[in-house]
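In: with the input below, show me the fold.
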Amino acid sequence: MKIPRLIYTLIFVSFALGLVANVVAESPVESWDLSKFVEGQALRGTAGNTLTPKGVVTATEDGADFSNGGFFLASQNLASLTGPSFSVVCKVRKQAPATSYGTIFHSAATTIRLHDKVLKMGCNGEWHAIKADAYDMPLGEWVQVAGTMDGTVYRLYVDGQLLGEWSAVSPMRTEGDTTIGGRVPITEVAEGIKAFESFPGLIRSIQIFDHPLSPEALQALP
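Out: Sure thing, here's the model as predicted:
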């Protein structure tokens with residue numbers, strides 16, 4: 001029995017609407033292309049939030065270079081952009097060995113950083129909640145580093161592969177600044193001198209979503 005053309009049309013329309021819905025669902029609430037950064041100027045995101053350079057952040061055609069000591073301060077913190085669930089997706093390239101701390105993304109709710117060679121994700125003030133001890137970030141290669149939170153569980157991914165997870169024991173912390181490539185200095189490296197804990201390399205892009213992305217969705221991102 002032949003299926004009437006109207007049914008074929010309805011099936012096609014439903015499929016197309018489903019694809020559109022998926023695209024909308026995976027649109028970031030904010031994103032920054034750091035390859036467009038101009039030294040000394042704030043960088044505006046797709047939703048209008050700005051990143052202001054602090055310390056020494058060097059502009060390159062591939063992204064912002066934080067290896068000389070510096071970071072970006074965001075005009076809004078993570079919690080005000082996302083609420084209790086989020087994904088933070090960063091495209092990074094390590095240029096030199098991390099001899100101490102190298103911050104990729106920092107907020108009150110979560111921090112993603114290198115500690116020596118180990119990639120770690122801090123969750124709700126628990127600085128070393130997730131330790132990817134088996135992962136050694138390669139030098140000179142672009143990798144996607146992502147942290148997600150579904151309201152209960154934090155997860156850390158590299159290139160869509162899960163490296164670890166941690167169950168939250170308290171509501172997501174919302175106070176405090178959000179920074180990229182480093183953080184507000186807290187570590188005293190010499191008398192009167194504090195370090196930015198800057199990432200030893202380049203960051204090309206930051207995408208923030210108000211929901212946790214699946215491994216498949218992370219791998220599909222540009």
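In: all helices for the chain, in order.
Out: 5-25, 78-82, 215-220 (DSSP state H).
In: just give me the lowest mean pLDDT stretch among these.
Out: Confidence, taken as mean pLDDT, is least for helix 5-25 of the helices of the chain (a mean of 46).
In: neighbours around Ser27, how many?
Out: Using other Cβ atoms under 10 Å, Ser27 has 11 neighbouring residues. (C-beta placed from N, C-alpha, C; glycine too.)
In: burial measure for Arg173, as a count.
Out: 17.
In: with Phe199 instead?
Out: Look at Phe199: counted by other Cβ under 10 Å, it has 30 neighbours.
In: next up, the contacts around it.
Out: 66-67, 92, 94, 102-104, 113-114, 181-182 (Cβ atoms under 8 Å, 6 or more residues apart in numbering).
In: per-residue confidence at Pro4?
Out: 58.
In: OK, contacts around the residue nearest to Met149 when sequence neighbours are not counted?
Out: For Met149, ignoring the flanking residues on the chain, the nearest one in space by Cβ to Cβ, 6 or more residues apart in numbering is Phe86 at 5.3 Å. Each residue near Phe86 by Cβ under 8 Å, 6+ apart is listed here: 78, 109, 148-149, 208-212.
In: ChimeraX command to pick out the buried ones of those?
Out: Selecting only the buried entries of these in ChimeraX, with 16 or more other Cβ atoms under 10 Å as the criterion:
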select :78,109,148,149,208,209,211,212
